[in-house]
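Asks: I need the structure of the sequence given here:
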Amino acid sequence: MTPDTNQKNIATFIHLSTFSRFFFPLGNIIGPLVLWVINKDKSEFVDKHGKQALNFQLSVFMYAIILGCISVPFFIFKVFNEIDFIDFHGFDNFHINITEPSPLLFLAGGLGALGIMCFILEMVFIVIASLKARDGELYNYPLTINFLK
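Replies: Residues are numbered from 1 along each chain as shown. Okay, the predicted model is just below:
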């Protein structure tokens with residue numbers, strides 16, 4: 001059975017509602033969740049798109065936490081490496097050596113660049129999923145962990 005226009009629109013808005021994160025915290029999970037819960041019993045098409053959108057957003061959230069847990073310690077070790085916590089005299093000993101950058105700086109910068117690339121890919125995948133939903137097709141996001149089955 002092919003989905004009707006209303007079902008296509010709901011599925012499209014489920015995917016596009018992930019952009020609500022730019023307006024309120026966790027909007028990328030709350031927006032699709034609310035639309036999916038309200039409309040999941042009306043159509044199998046909407047149910048599948050809602051699950052895909054939520055699974056992708058939960059996966060991205062988990063990947064971001066993992067990337068943050070890996071990268072934040074590198075910044076902390078670099079910044080606090082030269083500071084003596086027992087006898088703190090301000091920032092008199094604080095200096096940046098441009099001629100010899102730290103390997104931690106390269107690693108942290110690489111992780112930051114990876115995070116930016118992942119963010120851009122996430123936006124692209126959301127737009128593709130929205131267009132597929134509009135056309136009545138199912139889109140499976142890449143690297144998605146199926147939390148909801």
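
Asks: Tally up the residues packed near the residue lying closest to Pro3 once chain neighbours are set aside, please.
Replies: Nearest in space to Pro3, with sequence neighbours left out and distances taken as C-beta to C-beta, 6 or more residues apart in numbering, is Phe45 at 4.1 Å. To be clear about C-beta, it is placed using only N, CA and C from the backbone, and glycine gets the same treatment. Residues lying near Phe45 (other C-beta atoms under 10 Å) number 21.

Asks: Likewise for Ala64?
Replies: By other C-beta under 10 Å, neighbour count at Ala64 equals 14.

Asks: Quick check: which element contains it?
Replies: helix 44-80 (DSSP states H and E).

Asks: Tell me which other helices or strands the following helix or strand past that helix touches.
Replies: Under the assignment DSSP H and E, the closest C-terminal helix or strand after helix 44-80 is helix 103-134. Applying 3 or more C-beta pairs under 8 Å, 6 or more residues apart in numbering; DSSP states H and E, we find helix 103-134 packed against helix 5-16, helix 44-80.

Asks: now the angle between helix 5-16 and helix 103-134, please.
Replies: Relative orientation of helix 103-134 versus helix 5-16 (axes from the mean of the first three to the mean of the last three C-alpha atoms, to 10 degrees): 170 degrees.

Asks: List the residue ranges of the chain that fall below the pLDDT cut-off.
Replies: 1, 74-75, 77-102, 104-105 (pLDDT under 70).

Asks: Find the centremost residue of it, please.
Replies: Taking C-alpha atoms, centre = their mean, the centroid of the chain lies closest to Val60, which sits 4.0 Å from it.

Asks: From Ile76, how far out is the nearest residue to it once chain neighbours are set aside?
Replies: Nearest residue to Val60 in three dimensions, chain neighbours excluded: Glu122, at 5.7 Å (C-beta to C-beta, 6+ apart). Noted for Glu122: a distance of 26 Å to Ile76, by C-beta to C-beta, to the nearest Å.
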